[in-house]
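Asker: Next comes the sequence, and after it the predicted model I'd like to discuss.
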Amino acid sequence: MYRVLALISSTLAASMLSPADPDFYNTVADIYAAPDCGADSFVWADPIFGRGGACQPLDRHGNTPDILSYKPTTIYPECVVTLYTDPECNSEPYLVEVDRCAQAGVPFVSAFVLCPFSDGYLRESRVSGFEWP
């Protein structure tokens, strides 16, 4: 029940905010403490805030269990989300898509979101072979 309410409120809030809003978030995902995005390992729905264009920690408050799988429920149009297993976004990149479970075999710890409105979005993408959708 709480998961459904969180999803509804996060989807409504995301649709009402714009990238210029300080509370804007570009991605909402379900995070899991085990592989395969199973309901029994669901932790909570978690947003990624901001305009993108920078490496960001997935655990912003030091209270998140290891994120062993990650399933986006919402990604702002034309944004691309890449997860990493290191804090500097230098490890192997894992591109994620809405409603698709991503896992790396080790915990995800950071994300890099690139959107058309991201600061510096015209520079070379952090993901080789990247093309805008």
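Answerer: Yes, it's here. Numbers count the residues shown, from 1 in each chain.

Asker: Going by C-alpha atoms from here, please, whenever you check contacts or count neighbours.
Answerer: Fine.

Asker: Tell me the helix or strand right after the helix or strand of the chain with the lowest mean pLDDT.
Answerer: None of the helices or strands of the chain scores lower by mean pLDDT, DSSP states H and E than helix 2-16, at a mean of 47. Of the helices and strands lying after helix 2-16 in sequence (DSSP states H and E), the nearest is strand 25-32.

Asker: So which elements touch that next one?
Answerer: Judged by 3 or more CA pairs under 8 Å, 6 or more residues apart in numbering; DSSP states H and E, the packing partners of strand 25-32 are helix 2-16, strand 42-49, strand 69-75.

Asker: Next, the angle strand 42-49 makes with it.
Answerer: 160 degrees (axes from the mean of the first three to the mean of the last three CA atoms, to 10 degrees).

Asker: mean confidence for strand 25-32?
Answerer: Here strand 25-32 scores 90 as its mean pLDDT.

Asker: neighbouring contacts of it?
Answerer: Here strand 25-32 makes contact (CA atoms under 8 Å, 6 or more residues apart in numbering) with 10, 14, 19, 37-38, 41-52, 67-76, 79, 81, 113.

Asker: and if we set it to 6 Å?
Answerer: With contacts defined as CA atoms under 6 Å, 6 or more residues apart in numbering, strand 25-32 is touched by 41-50, 67-76.
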